[in-house]
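Asks: Show me how the following folds:
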Amino acid sequence: MSIDIDRFNERSEEELEEMSNPERVLVFLFENDDRAWKATAIADRTDINRNSINTVLARLEERDLVRHKGSYWAITDDTERLRKAYDIHRANRLFNELYGAEDREEWVEHAADRDDR
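Replies: A predicted model of the protein is given here:
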């Protein structure tokens, strides 16, 4: 995947790290907020596997971060919701860097232990 030189020049090293598929979709749609896109076009422009894009978009829609009409997708028009989601994402990334990423299996095991009480 490539990025344009302006993004390369303007972003920090941390911001240039590999983004997750949902992050890539949100960034793409945010930067192209004047248009709505078909899922295949989003997949092609973000280098996301076409077999994965509909799942990514559906999950983002469940969180009200994208809008869907017919076969077209666009970024949410709720900029406050989008900002809050980004703030949470940044906080999670910071905590993961400071304290290490959460181990899902450990959480599941702990939850099972609590259910036994």
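
Asks: quick one: low-confidence ranges for the chain?
Replies: Residue ranges of the chain with pLDDT under 70: 1, 14-16, 112-117.

Asks: any chance you could map the strands in it?
Replies: Listed in chain order, the strands found in the chain under DSSP state E are 37-38, 66-69, 72-75.

Asks: counting residues per helix, which one in the chain is longest?
Replies: What stands out as the longest helix in the chain, according to DSSP state H, is helix 79-99.

Asks: Could I get the buried residue list for it?
Replies: By 16 or more other C-beta atoms under 10 Å, the buried positions in helix 79-99 come out as L82, A85. C-beta coordinates here come from the backbone N, C-alpha and C atoms, glycine included.

Asks: So what touches that helix?
Replies: Contacts with helix 79-99, where a contact means C-beta atoms under 8 Å, 6 or more residues apart in numbering, come from E23, L26, F30, R63, D64, L65, I75, T76, E102.

Asks: quick one on the thing from earlier: highest mean neighbour count across the strands of the chain, which stretch is it?
Replies: strand 72-75 (a mean of 19; mean count of other C-beta atoms under 10 Å).

Asks: what's it in contact with?
Replies: 26, 29-30, 33, 35-39, 42, 57, 65-67, 82.

Asks: partners of it in the sheet?
Replies: strand 37-38 (antiparallel), strand 66-69 (antiparallel) (DSSP bridges).
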